[in-house]
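[1] Below: sequence and its predicted model.
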Amino acid sequence: MDLSKINTGTFDNEINKMNVFISTHGAKQIGPLIQYSNVEMNQNGEADINLQFMLQSDNFINNVQSPYRMDLMLRVKNCLFARYTGKENTIKFAYDKLGVYAFENEIELEGASYTVFVNRDDEVISADIFMPIKIEE
C-alpha cells in the first residue's frame, strides 16, 4: 500500500484496513509488517518521501484495486543489513549507522530501505533493516 496517495488517519489504522482487506478476500496475514521508504526529489527540487507498508498473505489475491497491489514475491538483493532492538523512537540510529558504514567503506546505497518489524510490543521492538546497495552494471 502506497501511503503517499492516502490522506487519512494513523498508520496503524491503515494497516488494520489492509488486514481487513486481506481477510475479506479469503486470505490471512502471515509474517511481519514490512515498511519501505525512499526519498526522491520532485520537480521543485524538494524531497518527497515515498512510504509504503507491506503485509504477506497465505494466498494470492487476484484483481486487487488501488490503493493496494499484490505481488507474487518481493526479492531485494545486495543489501546492507542491521538488526535493531530497542525503543521505536530511536530506530533512526540504526539507519544512521548503516549510512555511516556505507560512507566509511565507500559503498553507494540506492537510497531506499526495507524495515521488517520482527517483534513489536509497548516497550521494545526488533526490526531487520535492509538498505539496497547500488550495483554498477
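    Received the coordinates, thanks. Residues are numbered from 1 along each chain as shown.
[2] switch to C-alpha atoms for all contacts and neighbour counts from now on
    Noted.
[3] Mind listing the residues bridging to the residue most central in space within the chain?
    Note on the chain: the residue nearest the mean C-alpha position is residue 35, at 1.7 Å, using CA atoms, centre = their mean. Beta-bridge partners of residue 35, counted by DSSP bridges, are residue 53, residue 115.
[4] That one contacts residue 115, correct?
    Yes: shown here, residue 35 and residue 115 form a contact pair, counting by CA atoms under 8 Å, at 5.0 Å.
[5] just to revisit the earlier point, quick one, what contacts the residue nearest to the centre of the chain?
    51, 52, 53, 54, 114, 115, 116 (CA atoms under 8 Å, 6 or more residues apart in numbering).
[6] and the gap between the fourth one and residue 98?
    I take that to be residue 54. The gap separating residue 54 from residue 98 is 22 Å, by CA to CA, to the nearest Å.
[7] show me where the protein has helices.
    If DSSP state H is used as the criterion, the helices of the chain fall at 11-24, 92-104.
[8] And the ones you listed: which comes nearest residue 59?
    helix 11-24 (9.1 Å; CA to CA).
[9] which residues touch the closest one?
    Taking CA under 8 Å, 6+ apart as the rule, helix 11-24 contacts 28, 29, 53, 55, 57, 61.
[10] OK, contacts around the nearest residue to the fifth one once chain neighbours are set aside?
    Beyond its immediate neighbours in the sequence, the residue positioned closest to residue 57 (CA to CA, 6 or more residues apart in numbering) is residue 29, lying 4.3 Å away. Taking CA under 8 Å, 6+ apart as the definition of contact, the neighbours of residue 29 are 19, 22, 23, 55, 56, 57, 58.
[11] out of the contacts of residue 35, who's nearest residue 131?
    Nearest to residue 131 among the contacts of residue 35, with distances taken as CA to CA, is residue 114, at 6.5 Å.
[12] Contacts only, for that closest one.
    Per CA under 8 Å, 6+ apart, neighbours of residue 114: 34, 35, 36, 37, 129, 130, 131.
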